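**Student:** structural data only, the sequence is not supplied:
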Ligand code: CA
């Protein structure tokens, strides 16, 4: 399956051919013509965002800031007519990953997209361990020292999410969106059951590793001695 790219751009003359070109190159591409539309989509669905700045409802920066509030978010390539050094510096400070000014050559954009995806894949790889706990992404084997156990694919996805945000509170909503692509729990304590099993398996390999519940906000992955909760 191709990488999923969200194009946040109101000019159809630009976004439609861009989406077609990306599809021809094996990507999946969808267009959101406003910030509101982009925010309605599930952020965890996208591997990369191409973001225009001058959008009809809100400035593109609003969406960039929204992304940065999520536990994990895809790399962002800004595509804009605004191209002064000041503009660029300001956007990089706000957290964009790359910047291309209009008019642009499609081939250059494509190579920038590929480079960003390669980099973010590398980051994902790094999130497969935490201290002495290791997760094999293909077999879902969880190991710490000589102790091992096997996770289900969903438990592995939850753990990867915690690995990507050690010490940070991850909300039920974020787990639901990132692991299942859902906005609402399909049943009572749906996530609780998976977390219970994940905790039990973590305990099998490393008694020190804890998934702590933070009342009313979510869960945090940390060593008990590092906990101030
Ligand atoms: Ca525009």
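**Tutor:** Happy to help now that I have it. Bear in mind that the values here come from a model prediction, so they are computed numbers and not experimental data.

**Student:** switch to C-alpha atoms for all contacts and neighbour counts from now on
**Tutor:** Will do.

**Student:** what does stretch 51-64 rub up against?
**Tutor:** The contact list for stretch 51-64 (Cα atoms under 8 Å, 6 or more residues apart in numbering) reads 7-10, 33-36, 38-39, 76-80, 91, 94-96.

**Student:** which of those residues fall in helices?
**Tutor:** When DSSP state H defines the helices, the subset of these inside them is 35, 36, 38, 39, 91, 94.

**Student:** flag every residue of the chain that's near the ion.
**Tutor:** Contacts of the chain with the ion, taken as Cα under 5 Å from the ion, map to 54, 55.

**Student:** show me the domain layout of the chain.
**Tutor:** 4-122, 128-221 (automatic domain parsing).

**Student:** can you lay out those domains as a markdown table showing mean pLDDT?
**Tutor:** Below are these laid out as a markdown table (pLDDT from 0 to 100):
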| stretch | mean pLDDT |
| --- | --- |
| domain 4-122 | 93 |
| domain 128-221 | 87 |
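
**Student:** export the ones you listed to TSV and append columns for mean neighbour count.
**Tutor:** Listed next are these as TSV, based on neighbours: other Cα atoms under 10 Å:
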stretch	mean neighbour count
domain 4-122	17
domain 128-221	16
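
**Student:** now do the helices in the chain.
**Tutor:** With DSSP H as the criterion, the chain has helices spanning 12-24, 35-40, 60-68, 85-94, 106-126, 153-163, 172-175, 190-205.

**Student:** by contact count, what packs against the longest one?
**Tutor:** Pointing back at helix 106-126 there. Counting contacts by 3 or more Cα pairs under 8 Å, 6 or more residues apart in numbering; DSSP states H and E, helix 106-126 is packed against helix 12-24, strand 98-101.

**Student:** which residues sit against the shortest one?
**Tutor:** Strand 98-101 is touched from outside by 76-83, 88, 92, 109, 112, 116, with contacts defined as Cα under 8 Å, 6+ apart.

**Student:** let's see 10 Å
**Tutor:** The contact list for strand 98-101 (Cα atoms under 10 Å, 6 or more residues apart in numbering) reads 50-52, 75-84, 87-89, 91-92, 108-109, 112-113, 115-116.

**Student:** bridging residues for the residue of the chain found nearest the ion?
**Tutor:** Relative to the ion, the nearest point of the chain is residue 54 (4.2 Å; Cα to the ion). Beta-bridge partners of residue 54, counted by DSSP bridges, are residue 59.

**Student:** need the contact list for the closest residue to residue 206 other than its chain neighbours.
**Tutor:** Nearest residue to residue 206, sequence neighbours excluded (Cα to Cα, 6 or more residues apart in numbering): residue 144, at 6.2 Å. Applying Cα under 10 Å, 6+ apart, we find residue 144 in contact with 129-135, 202, 204-207, 209.

**Student:** tell me the contacts of the residue in the chain sticking out farthest from the centre?
**Tutor:** Most distant residue from the mean C-alpha position of the chain: residue 146, 31.3 Å away (Cα atoms, centre = their mean). Residues in contact with residue 146 (Cα under 10 Å, 6+ apart) are residue 205.

**Student:** any figure for the gap between it and residue 51?
**Tutor:** Distance from residue 146 to residue 51, counting by Cα to Cα, to the nearest Å: 46 Å.

**Student:** fine by me, we can end here.
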